[in-house]
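> here are the coordinates; sequence isn't available:
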């Protein structure tokens with residue numbers, strides 16, 4: 001997984017990528033992170049919303065965790081909340 005921040009966000013979402021918006025105090029975020037570590041079908045980036053408020057505001061992140069699939073720099077799909085591995089894999093396929 002790649003740490004993504006305000007400075008390198010745009011350059012990293014140029015290819016197909018799942019971006020996990022999370023915060024250290026979020027219990028569901030920690031659980032989701034463990035699942036994301038097992039996903040191999042897509043590049044995964046992580047944005048700490050506490051440290052990167054500009055990105056969180058730009059993409060209207062109101063609930064955590066929120067995951068967005070980007071392709072060619074554009075958002076193509078998102079989900080909010082915890083999902084298990086099978087649900088995430090199906091989400092990626094559908095995106």
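Sure thing, it's come through. The shown structure was predicted, so the numbers you read here are calculated from the model rather than taken from an experiment. Residues are numbered from 1 along each chain as shown.
> Out of the helices and strands in this protein, which is least certain?
The helix or strand of the chain with the lowest confidence, counting by mean pLDDT, DSSP states H and E, is helix 9-12 at a mean of 91.
> How about residues contacting that one?
2, 4, 45, 47, 52, 55, 73 (C-beta atoms under 8 Å, 6 or more residues apart in numbering). To be clear about C-beta, it is placed using only N, CA and C from the backbone, and glycine gets the same treatment.
> Can you tell me how far the third one is from residue 88?
Spatial separation of residue 45 from residue 88 under the definition C-beta to C-beta, to the nearest Å is 14 Å.
> from the contacts of helix 9-12, which is closest to residue 17?
residue 45 (5.6 Å; C-beta to C-beta).
> Might one say that the closest one is in contact with residue 16?
No - judged on C-beta atoms under 8 Å, residue 45 makes no contact with residue 16 at a distance of 11.2 Å.
> so what's residue 29 closest to, chain neighbours aside?
Spatial nearest neighbour of residue 29, excluding adjacent residues (C-beta to C-beta, 6 or more residues apart in numbering): residue 22 at 3.8 Å.
> Need phi/psi at the one you found.
For residue 22, the backbone dihedrals are phi -140, psi 170 (criterion: degrees, to the nearest 10).
> burial count for it?
23 (other C-beta atoms under 10 Å).
> Same question for residue 23.
Counted with other C-beta under 10 Å, residues neighbouring residue 23 total 16.
> ok, it - contacts?
29, 48-50, 64.
> How about residue 37?
Listed by C-beta under 8 Å, 6+ apart, the contact set of residue 37 reads residue 1.
> With residue 33 instead?
20, 22, 46.
> For it, pull up the helix or strand it's in.
Assigned by DSSP states H and E, residue 33 falls within helix 27-36.
> what comes up buried for that helix?
Going by neighbour count (16 or more other C-beta atoms under 10 Å), the buried part of helix 27-36 is 29, 32-33, 35-36.
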